[in-house]
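>>> quick one: sequence and predicted model below, then my questions.
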Amino acid sequence: MADMEGQRTEGAQGPGIRLGFGGEELPGGRTELLLGVDGALRVERLTAQGRTTRLGRVDGALTVRLLAALRAAGPGLTGAEAPAGATTLRVTGVLPGGDAQWADGTSTPLPETARLLEVLAAQALDPATPSVLPAPAAVLGAPIHVPVAPQARAVIGAVEGRPAYAIAETGQGYGLADLATRESLGSSGSDAGLVPTSVALATVDGREVFAVGAEDGAVQVWDAVSGVLLHGTSGGEGAQVVTAGLVHGVPLAFSAGAQGDIRAWRAEDGRPLGLLDVEGAGAAALAYARCAGVHLLAAAGEDAVVRVWDVSSGQRLHLLVGHRARVTTLAVLTVNDQALLASAGQDGEIRLWDLATGLPHAVLTGHSATVTGLVFLEVDGAPLLASSSLDGTVRTWDVYEGTAKHGWPAGTGWLTAVASLDIGGAPAVVTGDEHGRIALWHPVSGAALGAHDLGAAVNALAVTELDGRPAIVTGHADGSVRLTDAASRTEVWSLAAEGGPVISLAVGEGVLVCGTAAGAVRCHTLRTGVKLSVPTPHAGPVTALGFAAEAPGGAAALLVSAGADGTVRVRQALDGTPLVQFTAHPQGVTAMALGLSDGHRLLATAGAEGTVRLWDAASGGAGPVLDGLSAPAETLTFAVAGDSPVVVAGTADGKVLVWGVRDGVRTASFDGGGTAVRALAVQSLDGEVLLAAGDETSTLRLWHLASGTLLNEAALDDVALAIAFGEAGLHVVGVDGPTLL
């Protein structure tokens, strides 16, 4: 780890906290976290697969808490060396007793604070990891992964009726070429703005199409002959915030991330409606409102600027400048034909703006830490603004006068969200905190009106009505979502974790939209929690792509993508309309294949946890789990052996396994050379089924499937990325192009 020693964030070069754990000899590699007293954060993990780095900043309230805990932890090792590979915590230049070090396996074991830092490091490197930290405690950029060697993918198909291949290589772009002559049929360079991670080539409704999946979650589809872009999504933008509203009678949802533009789509069917330009600034807060017949959307984020649009026309109305740090929360009050916007964030200030003119109305000060939530409510016929903060207090403000009304401490932990509701005609302020507690408060006196413990840290709150009764929706740091009857405090339904910690919630007309820290967006029916499709990209690299042909009965052809975020997304192949989305493998999808069995289109997926699963490609209905793998599958394919459909997997440890599709029973297993299988092909010749596999050591093996006999083993000049049987022999495509054997 010597090369990590000299790498620091600017704020972590001097006084600060340093945590190191794991070892290069371990599967997880060595991880180091560096935290400066100014909140600058750097987390880095080095493994055999490469280096992953994430930069960010923690809230001042978290830094204060960590340092206070370390001061109370007592003296650490002074001058002694920690055992090699031990988890170590070093604090430099900030403790009154001098620098200190703690290490597992010594007389001064790690204080509990180190465990919190380990969670922060894990969350930084994998945003889908459940967290005990509330969402406002840290702001993290997207993970940067530098692989040990460039990754490449290839597929063999046809363009203009002749055999062709598509290839994509990280950092080098993607391209199409003639399989026989290597003549280029279209390509991109390394500056294309799309870092390719997967490719697909197929004929759909008589049209030859080419698809590319990217490192940022984007999927784009072209006409392979003309090069015309048919449809596509732009890439993911990191942690997502959401809002929803009824626009001209249509329920719409909006989402935005740390970078990129704001997406709009029809909440009921997932049909994308376009983007609003945020000038690359992204957003950390969104709010929808309707005022004087105008549908308004406000967004704000890292650049501390608040932007306001007319949703119907896409015209930007206002650019509101005044905050000195990241804006984390927005709220809108509409009274007759007037609208007032409240904004707040890390500078601790709350600013009120007249949305008709874009002019400032008031600046409210009093919080001593990041403001985490804002909500307008009505008390005795007059509007009131309530705010929550990481300083642990709720404060209320006179909207018209722009003055403070009241404030009170609301528990022992950080307050992460605030909302309001009426119970029996009386208004109440609702708060959520890091301990998983939702509490109700009298908005004038601050008196406690009741509380309910939900377990996991509450990151987001939304209030709605169900059958005329008030209900509270909570989004949690462990990724779960709950709907609770506010009066009886009974749970109506709960949703399991998916796509990372929930950090944002919005209730529309009968729908619930959730944004997560990992960059995913979830949409559910409000009454039952049933999942709806969304047109957002994968929250991470696209690991596999494939086309499913039209089904008997005229069902449309499908484009299926799978990602490192663990999800599978099914769209119509030619126009990109989202159809189905589901989580196949929570730890990430490593391989995917599409096939046909008894007239049904099937999907096989492999996961990082080491299983293969079958699914109905059109509905996402789950089929059997195929077991027996000793390592995750790197490649999958469907085939027919005799009269029976089978699925074949090539694994990371060089094995090839075969299962029957109808019963999920394993029928064959072949040992390869012990290194990852990168390409598979199956072909029936004169009634005999042959299986070809290429591995990471550029070795090609050919087996007779029925007997398990190894027919041939040959050394190639290149790692096989795609294999296909042809009339003239066996076509093998590597990074340097095709070879005919």
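Looks like it arrived, so ask away.
>>> make it CA atoms for all contacts and neighbour counts henceforth
Will do.
>>> which stretches of the chain have low pLDDT?
Counting by pLDDT under 70, the ranges of the chain that qualify are 1-13, 23-28, 48-49, 76-82, 142-150, 189-193, 234-237, 280.
>>> dig out what residue 332 forms beta bridges with.
residue 341 (DSSP bridges).
>>> for burial, what's the neighbour tally of it?
Neighbour count for residue 332, taken as other C-alpha atoms under 10 Å: 24.
>>> and it, how far from residue 526?
Counting by C-alpha to C-alpha, to the nearest Å, the separation of residue 332 from residue 526 is 22 Å.
>>> next one: residue 290
21 Å.
>>> now do residue 726
Counting by C-alpha to C-alpha - residue 726 and residue 526 are separated by 53 Å.
>>> give me the more crowded residue out of these two.
Shown here are residue 726 and residue 526; by other C-alpha under 10 Å, residue 526 has more neighbours (21 against 12).
>>> bridge partners for the nearest residue to the more buried one once chain neighbours are set aside, pull those for me.
Distance criterion C-alpha to C-alpha, 6 or more residues apart in numbering; nearest residue to residue 526, sequence neighbours excluded, is residue 511 at 4.7 Å. Taking DSSP bridges, one obtains residue 525 as the residues bridged to residue 511.
>>> ditto for the one 4 residues further on
Under the criterion DSSP bridges, residue 515 forms beta bridges with residue 504, residue 521.
>>> got the buried residues for stretch 394-404?
394, 395, 396, 397, 398, 399, 402 (16 or more other C-alpha atoms under 10 Å).
>>> actually stretch 286-306, not the one I wrote
286-291, 294-306.
>>> so what's residue 179 up against?
156, 163, 164, 165, 738 (C-alpha atoms under 8 Å, 6 or more residues apart in numbering).
>>> of those residues, buried ones?
Buried subset of these (neighbour count, 16+ other C-alpha under 10 Å): 156, 164, 165, 738.
>>> so which of those belong to helices?
In helices, judged by DSSP state H, none of those are found.
>>> closest to residue 454 out of the residues you listed?
Set against residue 454, the nearest of the buried ones among the contacts of residue 179 by C-alpha to C-alpha is residue 156 (51.6 Å).
>>> the closest residue to that closest one other than its chain neighbours and residue 718, how far apart?
Excluding the flanking residues, the one nearest residue 156 by C-alpha to C-alpha, 6+ apart is residue 165, at 4.3 Å. As for residue 165, its distance to residue 718 is 16 Å (criterion: C-alpha to C-alpha).
>>> what's the answer for residue 516, then?
For residue 516 relative to residue 718 (C-alpha to C-alpha), the value is 41 Å.
>>> look at the two and report which has more neighbours.
residue 516 (31 against 20).
>>> so the more buried one touches residue 497, yeah?
No: contact between residue 516 and residue 497 fails when scored by C-alpha atoms under 8 Å: they sit 10.2 Å apart.
>>> now do the shared contacts for those two.
residue 479.
>>> so who does residue 194 touch?
Contact analysis of residue 194 by C-alpha under 8 Å, 6+ apart lists 173, 214, 215, 218.
>>> for the residues you listed, which one is nearest residue 629?
residue 215 (26.8 Å).
>>> surely the closest one meets residue 540?
Yes: between residue 215 and residue 540 there is a contact at 6.3 Å, judged by C-alpha under 8 Å.
>>> mark which of the buried residues of stretch 394-404 are part of strands, please.
Counting by DSSP state E, the buried residues of stretch 394-404 place 394, 395, 396, 397, 398 in strands.
>>> isn't the fourth one up against residue 383?
No: the pair residue 397 and residue 383 does not pass the contact test of C-alpha under 8 Å, sitting 9.1 Å apart.
>>> related to what we said a few turns ago, so which of the contacts of residue 194 are in helices?
Using DSSP H, none of those sit in helices.
>>> separation between the residue nearest to residue 156 and residue 723?
From residue 165 to residue 723 the distance is 10 Å (C-alpha to C-alpha).
>>> cool, residue 275 as well?
Noted for residue 275: a distance of 40 Å to residue 723, by C-alpha to C-alpha.
>>> who has more neighbours, those two?
A direct count of neighbours by other C-alpha under 10 Å for residue 275 and residue 723 places residue 723 higher, at 26 against 16.
>>> so residue 394 touches residue 409, yeah?
Yes: the pair residue 394 / residue 409 is scored as a contact, 6.4 Å apart, by C-alpha under 8 Å.
>>> quick one on the thing from earlier: contacts only, for the residue nearest to residue 526.
By C-alpha under 8 Å, 6+ apart, the contact list for residue 511 reads 267, 268, 523, 524, 525, 526.
>>> correct me, but the third one touches residue 516?
Think residue 523. No: contact criterion C-alpha under 8 Å: residue 523 and residue 516 do not qualify, at 11.4 Å.
>>> quick one: contacts for residue 613?
Residue 613 makes contacts with 584, 604, 605, 606, 622, 623, 624, 625, 626, as judged by C-alpha under 8 Å, 6+ apart.
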